[in-house]
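[1] I'll drop the sequence and a predicted model, then ask my questions.
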Amino acid sequence: MEKKDIFSSWILRICDGVTGFFFFLVSAALFFMSAFSTCFIDKYEVSYFLPDSPWLKLLECAFLLAALIFLCVKFRPSVAFIGRINSDAALFTKLKRRLLLAIWFLVSLWVVCTQVPANADQRFTMMAARSIAQGDFSNTGPYSYLYIYNNQIGWTMVIYLLDKLFGPLNYAAYQLLMAGLTVLILNELTCFGALLGMSRAKQLAVIVLGAAFVPLALYSSFIYGTIPGLWLSLAAIRLEIQYFRDGRLRHGILSALCIALAVMVKMNYLIFMAAMLIYALLEAFGKKGIKKLMIVLFMAVFYVVQARVPVAALENISGKPVPQGCATLSWVAMGLQDGERPGWYNQYNENTFAESSYDVHEQIKWVKSDIKYRIGELLSDLDYARNFFVRKTASQWNEPTFQSVWVSINHYQDAYRHGVMSVDNSWPQGILSPMGNHKVTLYMNHLSFLMLVGCLLYSLLCSAQGENHYRLILAMVVVGGFLFHLVWEVKGQYALPYYVLLLPYTVMGYSKAAECLAALPAALRNGGIHIEKKTLIGNAALLLLALAILCYVFHGTLPGITGDTEAYYAYLASHS
């Protein structure tokens, strides 16, 4: 091997190792929070932190592993059926279609039965699109919604086009579209699993786990860029991987187009684009495929286009220039603020923009000063800083419904009060109520913990296997999202896409652990367990370093995310 090849190999291994370590560290931090605490959110978007039982959750993981060993290794009928799925492509395709069709039917049933009207940003963007279609540009003029939040112009123009197709304010049509995109998201995850070398049965397991992950289905009522952007981002990643495998130009162009559209409908998907750029550089560097870096050029071009086209279209329709909007840095300043909801939206960006006389340059000066002062506060008291970031992170990442019930709960009850809903005791009302939200939170509390354990198992047992660098691209996105929201404004809903990315890693982690445990008795009979010294040392170092970091971060901070039991149950009692 030439020296250049050896150098390239080492660089790639270092990059993979860094990504794998941070993915393990993030998974371990979320595992630790989930083990000892659960965040509940009420209808007013207030978070409550309650203590949890780590031993009960670990016992559930042990039962799950035992069940997997029994069904996948010991129980002959299920083992034979799994073998048939893996060997019979036609059977796999039939089962996959039926599963996805069943999920689409159930999600669509939810949409039809709830008929949740849009509210907040959903409604603001839809009303802005409706006004534009009617020739009323008050929603784009001075001090209006789009004047302040011009990052919403892309999604507003998408709604403007959909209005032409479905009719104005057609909530049901938009939500049924979201139901279809939910199914496509699960399909993309199985495609990613296939690229990782997952067996057909494991790909079906990803769909089953996705069906159990109910927040994804509940978000079908959320007429916003979250679901479309996630589907487009996953499609973009799959197409990028295919581009580097087969070199077909159309895959590179479509990949760049998809991720640009995802960013247009929801700016947070820039994190996915950043991961795709890093992966492209690694692939080109490792395989000397410099020519394939054309995909980076495609992404740059489409990114500029997506930023300009919606604005140009709006300017052309209205005949007026579109303002710059409030400063992006204001979301950072807001994300660093403490209070009843640490780091959550509190109108800081809108208020400082107004107090700066809607001069974005003056607002930037104000925001920079606030950020500088806040960083000084945090650095002057590191114990307080640790408590702040733990509470902030727990309120977003350890709220296991990801506001999937909250996004509908108030709007559904408003619809009932205004006569849109006529049956007070309907089954959706049982879910979209404070007690229903409580029950969904309890269910997802256990499922999300099981998923985090699966990701830890993947990091320890699977992540070092193979030479394909794309196996950790979704993990890179999760790490990027976690680090990004340490300083950015947070909401539980922002964590949903990242947890969806954990589904294939969860399946791979548990399946590998079950295989290892099933093979353990035979290995002991045949002279013991043989583990490569390098693997053993690497995993031991990973665990020790992660444990040291977690001990520092969580030392003395747990009371801050476990002390709201009395207040939360008082809230439940008052809304029963």
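    Now that the structure is in, tell me what you want to look at. Bear in mind that the values here come from a model prediction, so they are computed numbers and not experimental data.

[2] distance of Ile223 from Tyr160?
    From Ile223 over to Tyr160 the distance is 13 Å, taken as Cβ to Cβ, to the nearest Å. Bear in mind the C-beta positions are built from the backbone N, C-alpha and C, glycine included.

[3] Of the two, which one has the most company?
    For Ile223 versus Tyr160, neighbours defined as other Cβ atoms under 10 Å are more numerous around Ile223 (29 against 23).

[4] Following the helix or strand of the chain with the lowest mean pLDDT in sequence, what is the next regular element?
    Within the chain, no helix or strand scores below helix 406-417, which has a mean of 61 by mean pLDDT, DSSP states H and E. Later in the chain than helix 406-417, the nearest helix or strand by DSSP states H and E is helix 427-431.

[5] which helix in the chain runs the most residues?
    Across the chain, the helix with the greatest residue count (assigned by DSSP state H) is helix 3-36.

[6] Flag every buried residue along that helix.
    Buried residues in helix 3-36, counted by 16 or more other Cβ atoms under 10 Å: 8, 12, 15-16, 19-36.

[7] who does the helix or strand Leu91 falls within touch, helix- and strand-wise?
    If you go by DSSP H and E, Leu91 is part of helix 89-114. If you count contacts as 3 or more Cβ pairs under 8 Å, 6 or more residues apart in numbering; DSSP states H and E, helix 89-114 packs onto helix 76-87, helix 171-195, helix 200-212, helix 214-218, helix 427-431.

[8] after the last one comes which helix or strand?
    Looking back up the chat, that one is helix 427-431. helix 434-461.

[9] same question for that following helix, mean pLDDT?
    Averaging pLDDT along helix 434-461 gives 91.

[10] Stretch 305-320 too?
    Mean predicted confidence for stretch 305-320 is 84.

[11] what sits up against that stretch?
    For stretch 305-320, contacts defined as Cβ atoms under 8 Å, 6 or more residues apart in numbering pick out 132, 137, 140-141, 146, 150, 153-154, 156-157, 260-261, 263-264, 321-322.

[12] Can you flag the buried ones in the residues you listed?
    Here, 16+ other Cβ under 10 Å leaves 132, 137, 140, 146, 150, 153-154, 156-157, 260-261, 263-264, 322 buried among these.

[13] out of the residues you listed, who's nearest Leu450?
    Taking Cβ to Cβ as the measure, Val263 is the one of the buried ones among the contacts of stretch 305-320 closest to Leu450, at 31.9 Å.

[14] ok, the closest residue to that closest one other than its chain neighbours to Phe36 distance?
    Excluding the flanking residues, the one nearest Val263 by Cβ to Cβ, 6 or more residues apart in numbering is Tyr269, at 5.1 Å. Distance of Tyr269 to Phe36, given as Cβ to Cβ: 32 Å.

[15] thinking again about what came up before, pretty sure the residue nearest to Val263 is touching Ser233, no?
    Yes. Counting by Cβ atoms under 8 Å, Tyr269 touches Ser233, with 5.1 Å between them.

[16] So which of those two has more stuff around it?
    Ser233 (29 against 25).

[17] Return the residues in contact with the more buried one.
    Taking Cβ under 8 Å, 6+ apart as the test, what Ser233 contacts is 258-259, 262, 269, 272, 497.

[18] Can you read off the pLDDT for the nearest residue to Asn170 once chain neighbours are set aside?
    Nearest non-adjacent residue to Asn170, counting by Cβ to Cβ, 6+ apart: Asp163, 7.7 Å away. According to the prediction, Asp163 has pLDDT 84.

[19] And Asp163, how far from Met127?
    11 Å.

[20] Ile253 now?
    35 Å.

[21] re the thing from before, go ahead and confirm the residue nearest to Asn170 touches Ile132.
    No. Here Asp163 does not reach Ile132: they are 9.2 Å apart, not a contact under Cβ under 8 Å.

[22] The spatially most central residue of the chain: helix or strand, and which one exactly?
    Centroid-nearest residue in the chain: Pro497, 1.8 Å away (criterion: Cα atoms, centre = their mean). If you go by DSSP H and E, Pro497 is part of helix 496-525.

[23] likewise Asn346?
    Per DSSP H and E, there is no helix or strand for Asn346.

[24] Now do it: how many residues are near it, please.
    14.

[25] quick one: contacts for it?
    334, 337, 339.

[26] so where's the stretch 151-300 of the chain uncertain?
    Confidence mapping of the stretch 151-300 of the chain against pLDDT under 70 gives the ranges 286-291.

[27] one more time with 90, if that's ok
    151-175, 193-198, 218-225, 242-249, 278-296 (pLDDT under 90).

[28] Lovely, talk soon.
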